[in-house]
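*Asks:* sequence first, then the predicted structure:
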Amino acid sequence: MMNSSLQLGKIMGIPVQLHWSFLLVILYIAWAFASFSQQVLGRSYGFGEIEPAGLRWAYSLIFSLVLFTCVALHELGHSYIALKNGIAIRSITLYFFGGVSAMEEIPRNPRLELQMAFAGPAVSGILGLMGILLATLLDEGSPLGIMLWMLGLLNIILMLFNLLPAFPMDGGRLLRAWFATQMPYIKATQRAASIGKLFAIIMFVLGLFSFNFILLFVAFFVYVGASEEEKATQISVSLEGTRVMDIMSDDVHTVDPDMTLQDLKEHMFEEKHRGYPVVSGDEVIGVVTLSDLQRIPQVDHADTRVAEVMTRKLYVIGPSEEASAAMMMMNKMNIRRLPVMSDGRLVGIVSREDLVRAIELCSGQD
Ligand SMILES: [Zn+2]
């Protein structure tokens, strides 16, 4: 997922990335709006009538790029409030249905969440009104007038769509924050998520009956988003206050880079471990797992060394970091275990199983 995004630059210190799907959509929108022209209720839509063709395409491409900038501004609206309140934003990625901000943590303060969730739609609303206002000052039918009017309208639609009371839209967060002022956070999330799912089901049924595939797609997106949010909240709330050192195993077994895969297999069998940090001297130089082993044909195991198959890219975590941070890192990198390092020394290893056990224990307590 990391590699499928293009870094555009930094705004307010946050890296802004473009998902490749957005690139296609920019071109698609440019093409679509250059190819039609329609009058609806006294306003013109589309650049299809503009001559010569070069000018038509130029307007259409600029329109598409400005529209994409508006989506980015919506996202930066959220980020601005977050940064102002001391919440770090790792990056913003623009997808074809909008943006996603990777926050270090989602604020569990309802008032702050209300402000943050509201900031994005507020930016879109202001941009929308500005576009429409400017358009009415220009000649109806002039290329710039058409562009501003359409931009204004689309920003208003973006605002309304995001205010739908369903995760993962901003409206879902507003709803949760409002519930959270009256009940515990997990319960508020569950209630907001079930409203999101209900919305998704209604959209799905409407989509089926009207053969509207976009609606079916949005319904699916909303349903998955609502479920994910529910799960993520449950996990981060139940792991609250748990640190990596509380759940890691500090009895770390390591292997040598020169060990053969044959020996590694026997080692794994005996100790019932599925992965090991690879250590040379005092330094951790990689991680080798059962799936690395399984990639190599059986017959080559005797003369292939660990160093040849191990993963060299190393993600590590500190012992005093939050357990939920380890969880997020594993999910994001799609790995099952993290070496725990302190002052450059390997002090433990934390696995997905350790986290699952901790979540089960913690949620059993209350
Ligand atoms: Zn938003």
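*Replies:* Yes, it's here. Please read all numbers here as calculations on a predicted model, not as lab measurements.

*Asks:* my read: Arg305 touches Pro257, true?
*Replies:* Yes - assessed by Cβ atoms under 8 Å, Arg305 is found in contact with Pro257 at 6.7 Å. C-beta coordinates here come from the backbone N, C-alpha and C atoms, glycine included.

*Asks:* and the helix or strand where Glu266 lies, how far from the chain's centre?
*Replies:* According to DSSP states H and E, Glu266 maps onto helix 261-271. How far helix 261-271 lies from its chain's middle: 38 Å, per Cα atoms, centre = their mean, to the nearest Å.

*Asks:* which other helices and strands contact that helix?
*Replies:* For helix 261-271, the packing partners by 3 or more Cβ pairs under 8 Å, 6 or more residues apart in numbering; DSSP states H and E come out as helix 290-294, helix 306-309.

*Asks:* out of those helices, deepest packed?
*Replies:* For the helices and strands packed on helix 261-271, the largest average neighbour count (mean count of other Cβ atoms under 10 Å) is found in helix 306-309, namely a mean of 18.

*Asks:* after that one, which helix or strand is next?
*Replies:* For helix 306-309, the following helix or strand on the C-terminal side (DSSP H and E) is helix 323-333.

*Asks:* what angle do the helix or strand following that next one and helix 323-333 make?
*Replies:* Under the assignment DSSP H and E, the closest C-terminal helix or strand after helix 323-333 is strand 337-342. In terms of direction (axes from the mean of the first three to the mean of the last three Cα atoms, to 10 degrees), strand 337-342 departs from helix 323-333 by 130 degrees.

*Asks:* adjust the sequence numbering to begin at 28 for everything that follows.
*Replies:* Sure, I'll start counting at 28 from here, so that last one is strand 364-369.

*Asks:* output strand 364-369 as CSV - backbone C-alpha positions only.
*Replies:* Output in CSV follows, covering the C-alpha atoms of strand 364-369 (Å, rounded to 0.1, in the frame of the first residue of the first chain):
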residue,chain,number,x,y,z
ARG,A,364,6.3,-10.0,14.8
LEU,A,365,8.4,-7.0,15.8
PRO,A,366,11.8,-7.1,17.5
VAL,A,367,11.9,-4.9,20.5
MET,A,368,15.0,-2.7,20.7
SER,A,369,16.3,-0.5,23.5
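
*Asks:* which elements pack onto it?
*Replies:* Against strand 364-369 (3+ Cβ pairs under 8 Å, 6+ apart) you get strand 310-316, helix 350-360, strand 372-378.

*Asks:* quick one: contacts of the second one?
*Replies:* With contact meaning Cβ atoms under 8 Å, 6 or more residues apart in numbering, helix 350-360 is reached by 28-29, 262-263, 266-267, 269-271, 273-274, 342, 344, 362-365, 377, 379, 382, 385.

*Asks:* going through these, which ones are buried?
*Replies:* The neighbour-count test (16 or more other Cβ atoms under 10 Å) marks 262-263, 266, 269-271, 274, 344, 362, 364-365, 377, 382, 385 as buried among the contacts of helix 350-360.

*Asks:* from Ser151, how far out is the residue nearest to Trp58 when sequence neighbours are not counted?
*Replies:* Nearest residue to Trp58, sequence neighbours excluded (Cβ to Cβ, 6 or more residues apart in numbering): Ser87, at 7.5 Å. Ser87 is 21 Å from Ser151, where distance means Cβ to Cβ, to the nearest Å.

*Asks:* which one of those two is surrounded by more residues?
*Replies:* Ser151 (27 against 23; other Cβ atoms under 10 Å).

*Asks:* check the stretch 228-377 of the chain for the residue nearest the ion and tell me.
*Replies:* For the stretch 228-377 of the chain and the ion, the shortest gap (Cβ to the ion) falls at Gly252, measuring 12.2 Å.

*Asks:* contact partners for that residue?
*Replies:* Ala193, Phe194, Pro195, Met196, Gly199, Gly223 are the contacts of Gly252 under Cβ under 8 Å, 6+ apart.

*Asks:* can we see that at 6 Å?
*Replies:* Gly252 makes contact with Phe194, Pro195 under the criterion Cβ atoms under 6 Å, 6 or more residues apart in numbering.

*Asks:* element containing the closest residue to the ion within the chain, please.
*Replies:* With Cβ to the ion, the shortest gap between the chain and the ion falls at Gly147, namely 3.1 Å. Counting by DSSP H and E, the element that carries Gly147 is helix 137-164.

*Asks:* in that helix, what counts as buried?
*Replies:* Residues of helix 137-164 classed as buried by neighbour count (16+ other Cβ under 10 Å): 137, 139-152, 154-155, 158-159, 161-162.

*Asks:* stretch 96-108 now?
*Replies:* Cys97, Val98, Ala99, Leu100, His101, Glu102, Leu103, Gly104, His105, Ser106, Tyr107, Ile108.

*Asks:* try stretch 300-311
*Replies:* Here stretch 300-311 shows His300, Gly302, Tyr303, Pro304, Val305, Val306, Val311 as buried, counting by 16+ other Cβ under 10 Å.

*Asks:* swap in stretch 355-371?
*Replies:* Buried positions in stretch 355-371, judged by neighbour count with 16+ other Cβ under 10 Å: Met355, Met356, Met357, Ile362, Arg364, Leu365, Pro366, Val367, Met368.

*Asks:* thinking again about what came up before, could I get the helices and strands packed on helix 288-298 as CSV with distance to the ion and mean pLDDT?
*Replies:* Converted to CSV, those look like this (distance: least, Cβ to the ion, whole Å; pLDDT from 0 to 100):
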stretch, distance to the ion, mean pLDDT
helix 317-321, 37, 85
helix 333-336, 43, 89
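
*Asks:* can I get the ones you listed in TSV with distance to Ala215?
*Replies:* Below are those laid out as TSV (distance: least, Cβ to Cβ, whole Å):
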stretch	distance to Ala215
helix 317-321	39
helix 333-336	47
